[in-house]
Every structure is written in structure tokens, then in C-alpha cells.
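A.B. asks: coords please:
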Amino acid sequence: MPSTAGKWAWMGLTLLWVPTQAQAPTAPQREYLQYEIEWRLIRAGTAQVTWSGASQANLKLFSTGLVATLIKIEDVYTSNYEAGYCAMDSLMDAQEGRRHRETKVSFDRSRKKAFYLERDVLKNAVVSQKEIEIPPCVHDPLGALEKLRRHRLEVGQSWELPVSDGKKLVSAKVECQEKEQIKTPAGTFSALRHEAFLFNGVLYGRKGRLLIWFSDDERRLPVQIRIQMPFYVGTVTLQLEKLERT
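C.D. replies: Next comes the predicted model:
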């Protein structure tokens, strides 16, 4: 199993938005989404996403079962937002096997710059540091996902949105491709399949496809996410298994 396995879910949650005349769903004060992660036909892990209104998101990703015996993954990602899901800052604490990395990104809207800092926690050393130019409002992966949920995209439509991981800024494209029935542990949903073009050297250098299915109702739930990689890595699928809204 590749050492980068712990990056599946939070990269996979990178999506875009499009403005239309449809009524946007109202964000609850708190929303908790839990996903089972399948890799090579086995349950490989769990992803938990918690939204505190529209101002903060938290993602926890950990390996389970057989995969956990091969590589223990415990990743925690937190991001803060201003109005419109414009990113303010993010923190990624990634413990994957023998590695423990901490990545901080600060998005300075007034200076139009993003500051990226990655540290090796065990060695107390800087691994990577970068500064890039950004527009006044840019979206991190989770913020872009929510932006898409709040604005409906119909089959055949596409849009582009500025997305950044702190190291690179791209104008990422997303397409709404098909309406499908999706069966998940949380139930069966009529859903719209979207493809976000972020791999193959766009935001991420790896070859692959990123697909996401939103429920075709007022909630616009991300019920399934799939990352299709080359055969030697395989396909990773996240399916919704638990939902709590307050």
C-alpha cells in the first residue's frame, strides 16, 4: 500500500460550485457526516466531517481493519472560513505510519498571499515552506465542497473556481455529468454525479479521476466520493453511512 494512502479522503473532498437560480440549501448550525472508505474491496478506513455553521470544518481520517495493521493513519484537518467559504487558515496534523507531519496554511486576503508551512513533528524540522499569490477569495478543498453544495449544478453544466492547497493555485473545473441511483449504508439516493478536474497535474500531480455524487434534493448531501487511480494504487470509494444535523 503506498505511503500516501492517508491523503485519499481530504484530497477527494475537493470540489467546486456554480451559481444558478435554484434555492440554495440552508446550512445547519452543526452537521456531522461519516463515511466508510473502501479500497480494493475491503473497508480501509473511516472519514468524519463536522461543519460548525459555515465558519469551520473539521475532517478526521483514520485507517481500520487490515489496512490499519499495514499502516496506521490518523489525520486531522481543520479549516476556518469567512463569508462565502473563503479560506482563512487551515491546519493538517497527519500521522501516517512512522511519519508525523503538521501543515499550516494561512490565506491573507488583504495581501493576496497564501503562506504554506510543513513541519516534521518528530524531527522538529521544516520540511517545506512556500508563499504564493492568491485572489481575494480562494477555497481550500472542504470549502470548495460546501460551495458546490450551496449552488446547484445541472447535468451538462460546468464551472471553474479558484482552489488552493497553499502550495499551488488553480482555476479548477467541475462538470455535472449524470443522474444516478446510489446505494450507501445511509440509504439509497437519487444523485447527480460530478467530476472535479484536479488530478493529472492540475492541483495534484498524480494521475486519476475525482468523482462525487450529491443527493438530488434540497439537502444536496455528498453521498459518495470516488478517487480512481492507476491500477497499482486502485480505486478508493467513500460512502455516506451516518448523518447528524442540528
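
A.B. asks: C-alpha from now on. contacts and neighbour counts both.
C.D. replies: OK.

A.B. asks: quick one: the helices in this protein?
C.D. replies: Per DSSP state H, the chain carries helices over the ranges 8-12, 65-70, 141-149.

A.B. asks: what's the most buried one of those?
C.D. replies: helix 141-149 (a mean of 24; mean count of other C-alpha atoms under 10 Å).

A.B. asks: give the contact list for Q177.
C.D. replies: 155-157, 192-195 (C-alpha atoms under 8 Å, 6 or more residues apart in numbering).

A.B. asks: what is the burial count for the nearest residue to it once chain neighbours are set aside?
C.D. replies: Using C-alpha to C-alpha, 6 or more residues apart in numbering and skipping residues adjacent in sequence, the residue nearest Q177 is V155, 5.2 Å away. By the criterion of other C-alpha atoms under 10 Å, V155 has 14 neighbours.

A.B. asks: how about the one 3 residues further on?
C.D. replies: Using other C-alpha under 10 Å, S158 is surrounded by 18 other residues.

A.B. asks: repeat that for N124.
C.D. replies: 9.

A.B. asks: and it, its phi and psi?
C.D. replies: phi 50, psi 50 (degrees, to the nearest 10).

A.B. asks: quick one: contacts for the residue lying closest to A47 once chain neighbours are set aside?
C.D. replies: Nearest residue to A47, sequence neighbours excluded (C-alpha to C-alpha, 6+ apart): L61, at 4.5 Å. L61 is in contact with 6, 9, 45-48, 73-76, counting by C-alpha under 8 Å, 6+ apart.

A.B. asks: let's see 6 Å
C.D. replies: Under the criterion of C-alpha atoms under 6 Å, 6 or more residues apart in numbering, the contact list for L61 reads 46-47, 74-75.

A.B. asks: give the contact list for the spatially closest residue to Y35 that is not a sequence neighbour.
C.D. replies: Leaving aside its sequence neighbours, Y35 sits nearest to L240 (C-alpha to C-alpha, 6+ apart; 4.4 Å). The neighbourhood of L240, defined by C-alpha under 6 Å, 6+ apart, consists of 34-35, 186, 223.
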